[in-house]
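Engineer: Pasting a predicted model and its sequence here:
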Amino acid sequence: MIRITATAMLLLAAWTSPTEADPLQDAVAGEHRSSEARLRDEYRHPQQTLRFFDIQPNMTVVEISPGGGWYTDILAPLLKDEGALYAAHFHVDENSSDYFRQSRERFAQRIETDPVYQAVKLTSFDPAHALDFAPAGTVDRVLTFRNVHNWYMRHGDEGIERVFAAFFKALKPGGILGVVEHRLAEDQPDEWQQRSGYMKTSYVVKMAQQAGFEILASSEVNANPLDQHNHPKGVWTLPPRLMLEDTDRDKYLAIGESDRMTLKFVKP
């Protein structure tokens, strides 16, 4: 006959009790996320990426240029109750393109109608016209996903300098800047950054350090060793864009989405 002591029973209860709630895992698994969005988790690794950036539910976070809200769908429910989320969307004025205008309007409509988005604070961001997207020195995390190449192609080095200076200004001392960007190999030509959609890690690190940041860590969570970064239409050759349409479609689908750097910087 096997006797179970009181201590053993307590240990058994601890081992078999439900696991603690995981707000980030719940946000990623939320039913509000579309099946199309979930398909891209394979390449964007949202849970691992946000853990690397140490996003906590009680933080004040800025998402720069959220576009259609792929990451907002995760950040909004995660931060809704205890934290705050600024969505620094496209700056719109009389000179703005229809794409910028319509993208921002769709996002604003979601804030008005989608319960998941109700606590999101919509602000504006642009490297030339709108750099004060949150009160200075109040933010725990600034996050940008695959945007650096856009700013570089439109505004060059000066635009990138302004961007990183704005991030530095918004963050609290000890605050974290998280950057995910299409990664160009260091031995490939610098000029490819002007048209390919890929950026060199050394360039991004240099510009962040120039603004006052210190690099804390890098992660290979969003790496793709199948991507050689030398496609006819740049990064847009790959999925999800597939700019060559049916030409070599299977080849590019087999590669998958781009190779990406994932960098974590701190404001001292």
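Structural biologist: Ah, there it is. Bear in mind that the values here come from a model prediction, so they are computed numbers and not experimental data. Numbering: from 1, shown residues only.

Engineer: helices and strands around the lengthiest strand in the chain, which ones?
Structural biologist: Longest strand of the chain, by residue count under DSSP state E: strand 171-184. Counting contacts by 3 or more C-beta pairs under 8 Å, 6 or more residues apart in numbering; DSSP states H and E, strand 171-184 packs against helix 46-52, strand 139-145, helix 148-170, strand 199-200, helix 201-210, strand 260-266. For every residue, glycine as well, the C-beta is placed using N, CA and C.

Engineer: after the fifth one comes which helix or strand?
Structural biologist: What it means is helix 201-210. Toward the C-terminus, helix 201-210 is succeeded by strand 214-219 as the next helix or strand (DSSP states H and E).

Engineer: Now do that next one: everything it contacts.
Structural biologist: 48-49, 52, 176, 201, 205, 208-209, 261-266, 268 (C-beta atoms under 8 Å, 6 or more residues apart in numbering).

Engineer: Burial check on the nearest residue to residue 160 once chain neighbours are set aside, number of neighbours?
Structural biologist: Nearest residue to residue 160, sequence neighbours excluded (C-beta to C-beta, 6 or more residues apart in numbering): residue 207, at 4.9 Å. By other C-beta atoms under 10 Å, 19 other residues sit near residue 207.

Engineer: For residue 68, list the residues it contacts.
Structural biologist: Residue 68 touches 103, 106-107, counting by C-beta under 8 Å, 6+ apart.

Engineer: Mind putting these into a markdown table with secondary structure, neighbour count and distance to residue 57?
Structural biologist: Shown next, in a markdown table, are the contacts of residue 68 (DSSP: H, G, I helix; E, B strand; the rest coil; neighbours: other C-beta atoms under 10 Å; distance: C-beta to C-beta, whole Å):
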| residue | secondary structure | neighbour count | distance to residue 57 |
| --- | --- | --- | --- |
| 103 | helix | 20 | 27 |
| 106 | helix | 13 | 26 |
| 107 | helix | 20 | 22 |
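
Engineer: Just give me the closest of those to residue 59.
Structural biologist: residue 107 (21.2 Å; C-beta to C-beta).

Engineer: The closest one touches residue 87, doesn't it?
Structural biologist: Yes - between residue 107 and residue 87 a contact is recorded at 6.9 Å, counting by C-beta atoms under 8 Å.

Engineer: Now for those two: what residues contact both?
Structural biologist: 66, 69, 72, 122.

Engineer: Would you confirm that residue 167 contacts residue 207?
Structural biologist: No - here residue 167 does not reach residue 207: they are 10.5 Å apart, not a contact under C-beta under 8 Å.

Engineer: Any buried residues in the longest strand of the chain, and which?
Structural biologist: 171, 175-184 (16 or more other C-beta atoms under 10 Å).

Engineer: Can you give me the neighbour number for the nearest residue to residue 70 once chain neighbours are set aside?
Structural biologist: For residue 70, ignoring the flanking residues on the chain, the nearest one in space by C-beta to C-beta, 6+ apart is residue 37 at 5.9 Å. Neighbourhood size, residue 37 [other C-beta under 10 Å]: 17.

Engineer: Same question for residue 268.
Structural biologist: Neighbours of residue 268 (other C-beta under 10 Å): 9.

Engineer: And for residue 243?
Structural biologist: 14.

Engineer: Same check on the one 10 residues further on?
Structural biologist: As a burial measure, residue 253 scores 11 neighbours (other C-beta under 10 Å).

Engineer: my guess is it contacts residue 241, does it?
Structural biologist: No - applying C-beta under 8 Å, one finds residue 253 not in contact with residue 241, separated by 11.9 Å.
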